[in-house]
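Asker: Please find the sequence and the predicted model below.
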Amino acid sequence: MSSPEPGTGPGPGLSSGSGSGSAKHRTLTVQAAGCVLWRRSPVTGELQLCLVHRPKYDDWSWPKGKLKRGEDPLAGALREVAEETGHTAAPAAELPSARYLANGRPKRVRYWAAEAVSGAFAPTDEVDRILWLPPEAARARLTAPGDADLVDALLAALRPAG
């Protein structure tokens, strides 16, 4: 059994804050979900990945967000895609989760590969732009280095078996 990643505690859910085991000394892991949203270019048929720009952080990332209390992670991922990109999506394979500290709290983001089915983007205060980019351009544009690993995970998930 592997040890947990730094800052993530003993696994999904709770990480011990003081080691006392007391509930008031535990820090809940923030649960979030998102998608690596993809499509085939309407012009060339080439694979394109969707990145969102968040003006609050001035960063480029995958569409994702915190889960609502009791929300199914996949349902939350698809809700976030719709809210941030205006697209409905057909989910496929679950991709590796990301774990990191956000504002001093452990955060886990579960990701799925998802094909954009329909929709159109409309800017909001949360996401003011999206880009559809080829995989290598998306990898280069992503702000957080760990997000780039999901490009390879998506490509592996889309590769035909055999």
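Answerer: Received the coordinates, thanks. Numbering: from 1, shown residues only.
Asker: Around P134, count how many other residues there are.
Answerer: Using other Cβ atoms under 10 Å, P134 is surrounded by 14 other residues. Every residue, glycine included, has its C-beta placed from N, CA and C.
Asker: Show me the residue at the heart of the chain, geometrically.
Answerer: In the chain, the C-alpha nearest the mean C-alpha coordinate belongs to G34, at 3.6 Å (Cα atoms, centre = their mean).
Asker: mind listing what that residue touches?
Answerer: For G34, the contacting residues are 62-65, 77, 80-81, 109-112, taking Cβ atoms under 8 Å, 6 or more residues apart in numbering as the criterion.
Asker: Now distance to L49 and neighbour count too, for those residues, in CSV please.
Answerer: Putting the contacts of G34 into CSV (distance: Cβ to Cβ, whole Å; neighbours: other Cβ atoms under 10 Å) gives the following:
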residue, distance to L49, neighbour count
W62, 8, 27
P63, 11, 27
K64, 14, 21
G65, 18, 17
A77, 15, 30
E80, 16, 22
V81, 12, 29
V109, 16, 26
R110, 18, 21
Y111, 12, 25
W112, 13, 22
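Asker: I'd like to know which of these is nearest to L154.
Answerer: Y111 (8.9 Å; Cβ to Cβ).
Asker: related to what we said a few turns ago, from the contacts of G34, which ones fall inside strands?
Answerer: Here DSSP state E is the test, and these give 64-65, 109-112 as lying in strands.
Asker: could you pull out the strands for this protein?
Answerer: Using DSSP E, the strands of the chain run over residues 14-16, 26-28, 30-40, 47-54, 59-61, 64-66, 87-102, 105-119, 129-133.
Asker: ok, and the closest non-adjacent residue to A157?
Answerer: By the measure of Cβ to Cβ, 6 or more residues apart in numbering, the closest residue to A157 outside its immediate chain neighbours is A93, 4.2 Å from it.
Asker: Just list the residues touching the one you found, thanks.
Answerer: The neighbourhood of A93, defined by Cβ under 8 Å, 6+ apart, consists of 112-113, 157.
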